[in-house]
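*Asks:* Here is my input; please provide its structure:
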Amino acid sequence: MNLRSLAAAILLALVACTSGASGGSSSSADLDAWKTDAREPYPFTTPIPDREATAIDGLYRREVSFEEVPMAAPCRRCPPYRIYPGGATLEFTEGRFHIADEESVFGSSGHYRVDGDELTLFNDLVCPALEVTYEWTVEDGVLTLDIPHDPCAFDNLRGRYLTKYAWPVAE
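*Replies:* Numbering: from 1, shown residues only. Below you'll find the model as predicted:
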């Protein structure tokens, strides 16, 4: 048997073995059955939390000026969670968080849980194996996060990104 015939036989065997007992093929919807919505972060190390409203739920948006953060030179492989001048949003919804930085087009998502004034982030796309707890408050429509150290993203970049500037509730 030549190499091409062997490869074809292996491929045929793989297709036959993975098509399921009913003989049908699995769809992409079956592969994404764990998702509760299109933006659902993958449960890397911790199970997906139930969809329940939390005290921190909401959309927060901050603006950082050029005076506060001088514009860095553009880069093709910038580190994640780098602070740029301009707008950024942080959304918490029923155990899911989403971050979008408008200037750099950086974004991430993950899961969270709230216990009193503690916010624990996990399953972050950038730091999938880490579970880190922040302290949080919302006063006068402004979210403030605090943490002594977050090892995510180049030794505390996520920590600085989330804590250096407050996050006003988006209007």
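*Asks:* From now on I want contacts and neighbour counts done on CA atoms only, so please keep to that.
*Replies:* OK.
*Asks:* From L143, how far out is the closest residue to L121 other than its chain neighbours?
*Replies:* Distances taken as CA to CA, 6 or more residues apart in numbering put Y112 closest to L121, at 4.5 Å, once the chain neighbours are dropped. From Y112 over to L143 the distance is 15 Å, taken as CA to CA, to the nearest Å.
*Asks:* cool, H111 as well?
*Replies:* H111 is 18 Å from L143, by CA to CA.
*Asks:* Between the two, point out the one with more neighbours.
*Replies:* Between H111 and L143, counted using other CA atoms under 10 Å, H111 has the larger neighbour count: 26 against 22.
*Asks:* A helix includes the more buried one, no?
*Replies:* No: counting by DSSP: H, G, I helix; E, B strand; the rest coil, H111 is located in no helix; its state is strand.
*Asks:* list the contacts for the residue nearest to L121?
*Replies:* 49, 95-97, 119-122 (CA atoms under 8 Å, 6 or more residues apart in numbering).
*Asks:* Can you flag which of those belong to helices?
*Replies:* Assignment to helices by DSSP state H places none of these there.
*Asks:* Filter these down to the buried ones.
*Replies:* Those of these that meet the buried threshold are 95-97, 119, 121-122, by 16 or more other CA atoms under 10 Å.
*Asks:* Would you mind giving these as JSON lines with pLDDT added?
*Replies:* Output for the buried ones among the contacts of Y112, formatted as JSON lines (pLDDT from 0 to 100):
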{"residue": "G95", "pLDDT": "96"}
{"residue": "R96", "pLDDT": "96"}
{"residue": "F97", "pLDDT": "97"}
{"residue": "L119", "pLDDT": "97"}
{"residue": "L121", "pLDDT": "97"}
{"residue": "F122", "pLDDT": "96"}
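*Asks:* Not counting its neighbours along the chain, what's nearest the residue nearest the centre of the chain?
*Replies:* Nearest residue to the geometric centre of the chain (CA atoms, centre = their mean): S109, 1.6 Å. Nearest residue to S109, sequence neighbours excluded (CA to CA, 6+ apart): H98, at 4.3 Å.
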